[in-house]
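[1] sharing a model prediction with you, sequence too.
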Amino acid sequence: MHVLITGGAGFIGSHLCDALLAKGHKLTAIDNLVLGRKENIFHLLGGNDFEFIEEDLLHEKAMRDIFKNGKFDMVYHLAANSDIQKGGKDPMVDYNLTFNTTFHVLQYMKEFGVKKFFFASTSAIYGETYDVLDEDYGPLRPVSNYGAGKLASEAFISAFSLTYQIQTWITRFPNVVGERFTHGVIYDFIHKLQKNPAELVVLGNGEQCKPYVYVKDLVAGILHVVEHATDPYNVYMLGSDTRTKVKEIAAMVIEEMGLEAKIKYTGGDRGWAGDVPEFRYDLSKVNRLGWKAAYTSNESVRLAIQKALGK
Ligand SMILES: NC(=O)c1ccc[n+]([C@@H]2O[C@H](COP(=O)([O-])OP(=O)(O)OC[C@H]3O[C@@H](n4cnc5c(N)ncnc54)[C@H](O)[C@@H]3O)[C@@H](O)[C@H]2O)c1
């Protein structure tokens, strides 16, 4: 297949590029590098089956040419805003990068007759709840502009899938960790400790408790779902059903860096407005499809720290 991947120079997108090429697909990756990095895909540049195009998905003329020339069989849409705090300060960020990129990609697919679509969704569409989250959970009440942008995306994807017969796979990830990350709690802690090895300032009280999944595990899960789920419209939770507290992550980062830093908590039950202090996943649907993460949440966090430190 000739596959188009958006956000291909991003954290998860670059790993998905590796995995799709290993499966023998021809790949075009698009990214405007607003959050992604060319280093993430340097090793792929110049390869016969790989093409990278630096472009903004919202540039309609350029994107129409790319779709016209590419004759893609499938689109994996991963481009979005991944800086949730920034999106909280300026709602236009998630309106444009998280929602409008999706809407534009759907429009290009309709216009150029692309019939297979994968979408990277998120736990953030559920909002704040202590219930166990599964595919049918509701009502969905996002508390961040990012979550709202993803939920609005899912609504249009549903309508486009049905109206224009686009076979669709949506997977909802929790926190994803691993090498090449561009953001997130481990990334922040390592950078803070590199600046000040004596003290780590942790946003919130450290009790925030969420599932973390190792990026290569997640990518294997994405491909498993796309290869094995055969309905016209497929929605799956993907990740880990175990969880890790932020204070455990802080302790692991300090230990792996060989430091004796003091931890200072800023207080409150969450890191920032729009942060969800805790959630958990029910993964029975994807387990029945034959996929389970190889690593627990704690193992994923530990592995991601070690990879980030070059161990
Ligand atoms: N990392 C996580 O924990 C996590 C959790 C749930 C869902 N997701 C979703 O997975 C996807 C990948 O996330 P990630 O962590 O790799 O983030 P990332 O920021 O590393 O990747 C997103 C990429 O999209 C690109 N992009 C944004 N707007 C664009 C535009 N207008 N045109 C072209 N490219 C554009 C960015 O430059 C970036 O490279 C996103 O859709 C994200 O919402 C991530």
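    Yep, it's here.
[2] would you map the helices across the chain?
    Ranges of helices within the chain are 11-22, 60-70, 84-89, 91-93, 101-112, 145-163, 185-195, 215-228, 246-256, 284-288, 297-308, based on DSSP state H.
[3] which of those helices sits closest to the ligand?
    For the ligand, the closest of the helices of the chain is helix 11-22, at 3.4 Å, according to Cβ to the nearest ligand atom. Yep, even glycine has a C-beta here, placed from its N, CA and C like the rest.
[4] the closest one close to the ligand?
    Yes: under the criterion of Cβ under 6 Å from any ligand atom, the ligand is reached by helix 11-22 at Phe11, Ile12, Gly13.
[5] confidence score at Ala88?
    Rather than Ala, residue 88 is Gly. pLDDT for Gly88: 93.
[6] over to the one 5 residues further on?
    pLDDT for Val93: 98.
[7] does the ligand sit close to stretch 91-103?
    Yes: Stretch 91-103 comes into contact with the ligand (Cβ under 6 Å from any ligand atom), by way of Leu97, Thr101.
[8] for the helix or strand of the chain with the lowest mean pLDDT, which positions count as buried?
    One helix or strand of the chain scores below all others by mean pLDDT, DSSP states H and E: helix 84-89, with a mean of 92. Within helix 84-89, the residues that qualify as buried are Ile84, Lys86, Gly87, Gly88, counting by 16 or more other Cβ atoms under 10 Å.
[9] give me the contact list for that helix.
    The contact list for helix 84-89 (Cβ atoms under 8 Å, 6 or more residues apart in numbering) reads 81, 93-94, 97-98, 124, 144-146, 149, 272-275.
[10] before we move on, what about stretch 105-117?
    4, 6, 57, 63-64, 67-68, 71-75, 77, 79, 156-157, 160-161, 164-169.
[11] now Leu44: how far from Phe50?
    Distance, Leu44 to Phe50, by Cβ to Cβ, to the nearest Å: 5 Å.
[12] between those two, what contacts are shared?
    In contact with both Leu44 and Phe50: Cys17, Leu21, Ala29, using Cβ under 8 Å, 6+ apart.
[13] who does the last one bridge with?
    Think Ala29. In this entry, Ala29 is beta-bridged to Ile5, Phe52, by DSSP bridges.
[14] burial of it, as a residue count?
    Counted with other Cβ atoms under 10 Å, the neighbours of Ala29 add up to 29.
[15] then the first one?
    Cys17 is surrounded by 29 other residues when neighbours are defined as other Cβ under 10 Å.
[16] same check, this time on the second one
    For Leu21, the tally of surrounding residues (other Cβ under 10 Å) stands at 17.
[17] ChimeraX command for the buried members of the contacts of stretch 105-117?
    Of the contacts of stretch 105-117, the buried ones can be selected in ChimeraX as follows, counting by 16+ other Cβ under 10 Å:
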select :4,6,57,63,67,72,74,75,77,79,157,160,161,166,167,168,169
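[18] near the ligand, from the contacts of stretch 105-117?
    Filtering the contacts of stretch 105-117 for neighbours of the ligand using Cβ under 6 Å from any ligand atom leaves Thr6, Leu57, Ala79.
[19] ok, the first one - contacts?
    Going back to what we said before, that points to Thr6. Residues counted as contacts of Thr6 (Cβ under 8 Å, 6+ apart) are Gly13, Ile30, Asp31, Leu57, Val75, Tyr76, His77, Leu78, Ala79, Thr101, Val105.
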